[in-house]
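Enquirer: Got a predicted structure here, sequence first:
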Amino acid sequence: MKELCPVCNTEYSQNVKVCELCGFADELGINRTWLIAEDAENWLNNVVRPYRVQWHNKIKKMKISKPGADEYISRSRAYNSKGDYDRGIAELNEAIRLYPDCIDEYFIRASVYSLKNDLERAIADYSEFIRLEPDNAYAYYDRGDAYRKKGDVDLAIADYDEAIRLAPDFANAYFYRGITYHNKGDVDLAIADYSEAIRLDSNLADAYNGRGIAYYKKGDFDRAIADYNKVIRLDPKDAKAYNRRGLAYLEKGCFDQAITDFNEAIRLDPNDAVAYNNRGNAYCKKGDLDRAIADYNKAIRLDPNDAVAYYNRGIAYYKKGDFDRAIADYSKAIEFNPNYALAYAKCGKAYKKLGQKDQAIKNFAKALSLDSKLDWVRRELQEFPDFSETKKRNGNQ
């Protein structure tokens, strides 16, 4: 049963009491619109409840020396809530100029710089806030997020480490450290962090999703499917979760289950070109080439610059024996991605089927120049005794 928050008149369910957020905002003098959002539960579990005392201590320190700063902060929040970040920052700049010992302004200004994707300035402000308040886990967490977005993965991990040291039950810090390890290529460390985040917050759908992607990358499709199942139970309208689970089923050779998931992904998001492309792949593997081509057509209409969709449609045409159309699609894929080694290789196969030896050799050679690990292409070239002479004529392409 849903109830209305007596403070903000917003509906809340039994597990997400928005009124607790409003009360917290009122206690600290924070604009409620910053807290009442889609991530309300994360704020409650990871900030409000664990760090209530810490935040109160911070506010007490600030209010001793900044009785006049509130006016600037309030105006800044009003501008920020309207998306007018430059004027919001201008108010905070003036507050900092007049009250340089106050720390709240640095944290808020850092958040606004992050919204503007001005990560260097955001990091500078988080760093100043940390200098003044070195035991604030959330400041390290936010600075780590800025470093992560900037691509400084080691500095991001160091900040997440410190956030976790200060607050060992900080589920989101584990989650985002997991993402950072994942981006770094440390899949096992990523899985460990996703798992710890899930242990701390069993309803953190993003952590199941991240772990599912990591398991998929490792080729552990059953565990990936189990995690996507959990994501879907937590959020039945998550189209991307159906899409990803469909891909795992596709890798397992469960084509009908994959198609069912892609159908649901498309129902939830009819403009998702990737879902059409993936369903086309499932139909293609099943041998239903006409349906595959229809899905690739739809994917291309939605995203006309998608080299992969042209490549996949080329494969379907090749399987149908329509080599001219296959070549046209492989060529289109190459137009959008000139380094698409497989597109050159498949184009070479189609030319070979048409008996156009020179074009076949040229495309096979180009594919190998882009990816020397394509051993099957090397074997194809070895079938042409005069390859060396042709290679010279084409300038070693």
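Expert: The structure has been received and is ready for your questions. As the structure is a computational prediction, the values presented were derived from the model and not from experiment.
Enquirer: Sketch out the low-pLDDT regions of the stretch 251-397 of the chain for me.
Expert: Within the stretch 251-397 of the chain, the segments meeting pLDDT under 70 span 386-397.
Enquirer: the strands in it, which residues?
Expert: Read by DSSP state E, counting those that start in this stretch, the stretch 251-397 of the chain holds no strands at all.
Enquirer: all helices of it, in order?
Expert: Using DSSP state H, counting those that start in this stretch, the helices of the stretch 251-397 of the chain run over 255-268, 273-286, 289-302, 307-319, 323-336, 341-353, 357-370, 375-382, 387-393.
Enquirer: May I see those arranged in CSV, with mean neighbour count and distance to residue 232 as well?
Expert: C-beta coordinates here come from the backbone N, C-alpha and C atoms, glycine included. Shown next, in CSV, are the helices of the stretch 251-397 of the chain (neighbours: other CB atoms under 10 Å; distance: least, CB to CB, whole Å):
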stretch, mean neighbour count, distance to residue 232
helix 255-268, 20, 9
helix 273-286, 23, 15
helix 289-302, 20, 22
helix 307-319, 23, 25
helix 323-336, 20, 32
helix 341-353, 23, 32
helix 357-370, 20, 38
helix 375-382, 14, 38
helix 387-393, 13, 51
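Enquirer: which residues touch the closest residue to residue 296 other than its chain neighbours?
Expert: Counting by CB to CB, 6 or more residues apart in numbering, residue 296 lies nearest to residue 313, which is 3.8 Å off, once chain neighbours are set aside. With contact taken as CB atoms under 8 Å, 6 or more residues apart in numbering, residue 313 is in contact with 280, 292, 293, 296, 297, 300, 329.
Enquirer: So which of those is the closest to residue 384?
Expert: Using CB to CB, residue 329 comes nearest to residue 384 of those, at 24.0 Å.
Enquirer: doesn't residue 308 make contact with that closest one?
Expert: No: counting by CB atoms under 8 Å, residue 329 does not reach residue 308; the two are 10.9 Å apart.
Enquirer: shared neighbours of those two, anything?
Expert: Common neighbours of residue 329 and residue 308 (criterion: CB under 8 Å, 6+ apart): none identified.
Enquirer: Residue 370 contacts residue 339, correct?
Expert: Yes: in this structure, residue 370 is within contact of residue 339 by CB under 8 Å, at 5.7 Å.
Enquirer: Can you check which residues contact both of these two?
Expert: Overlap of the contact sets of residue 370 and residue 339 (by CB under 8 Å, 6+ apart) is empty.
Enquirer: Please point out which parts of the helix or strand hosting residue 224 sit buried.
Expert: Assigned by DSSP states H and E, residue 224 falls within helix 221-234. By neighbour count with 16 or more other CB atoms under 10 Å, helix 221-234 contains the buried residues 221, 223, 224, 225, 226, 227, 228, 230, 231, 232, 234.
Enquirer: Which residue lies closest in space to residue 238, excluding its sequence neighbours?
Expert: Nearest residue to residue 238 in three dimensions, chain neighbours excluded: residue 231, at 5.9 Å (CB to CB, 6+ apart).
Enquirer: could the helices of the stretch 251-397 of the chain go into TSV alongside distance to residue 75?
Expert: Listed next are those as TSV, based on distance: least, CB to CB, whole Å:
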stretch	distance to residue 75
helix 255-268	41
helix 273-286	43
helix 289-302	43
helix 307-319	49
helix 323-336	48
helix 341-353	56
helix 357-370	56
helix 375-382	64
helix 387-393	70
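Enquirer: how about those helices, which one is nearest residue 104?
Expert: Of all the helices of the stretch 251-397 of the chain, it is helix 255-268 that lies closest to residue 104, at 40.8 Å by CB to CB.
Enquirer: what helices or strands is that closest one leaning on?
Expert: For helix 255-268, the packing partners by 3 or more CB pairs under 8 Å, 6 or more residues apart in numbering; DSSP states H and E come out as helix 239-251, helix 273-286.
Enquirer: Out of those, which is closest to residue 216?
Expert: Closest approach to residue 216 among the helices and strands packed on helix 255-268 (CB to CB): helix 239-251, 5.7 Å.
Enquirer: pull the CA atoms of the closest one into PDB?
Expert: Extracted in PDB, the C-alpha atoms of helix 239-251 (Å, rounded to 0.1, in the frame of the first residue of the first chain):
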ATOM      1  CA  ALA A 239      14.600  -3.600 -21.600                       C
ATOM      2  CA  LYS A 240      18.400  -3.800 -21.500                       C
ATOM      3  CA  ALA A 241      18.300  -6.700 -19.000                       C
ATOM      4  CA  TYR A 242      16.100  -8.700 -21.400                       C
ATOM      5  CA  ASN A 243      18.400  -7.900 -24.200                       C
ATOM      6  CA  ARG A 244      21.500  -9.000 -22.200                       C
ATOM      7  CA  ARG A 245      19.800 -12.200 -21.000                       C
ATOM      8  CA  GLY A 246      18.900 -12.900 -24.600                       C
ATOM      9  CA  LEU A 247      22.500 -12.600 -25.700                       C
ATOM     10  CA  ALA A 248      23.500 -15.100 -23.000                       C
ATOM     11  CA  TYR A 249      20.800 -17.500 -24.200                       C
ATOM     12  CA  LEU A 250      22.100 -16.900 -27.800                       C
ATOM     13  CA  GLU A 251      25.600 -17.900 -26.700                       C
END
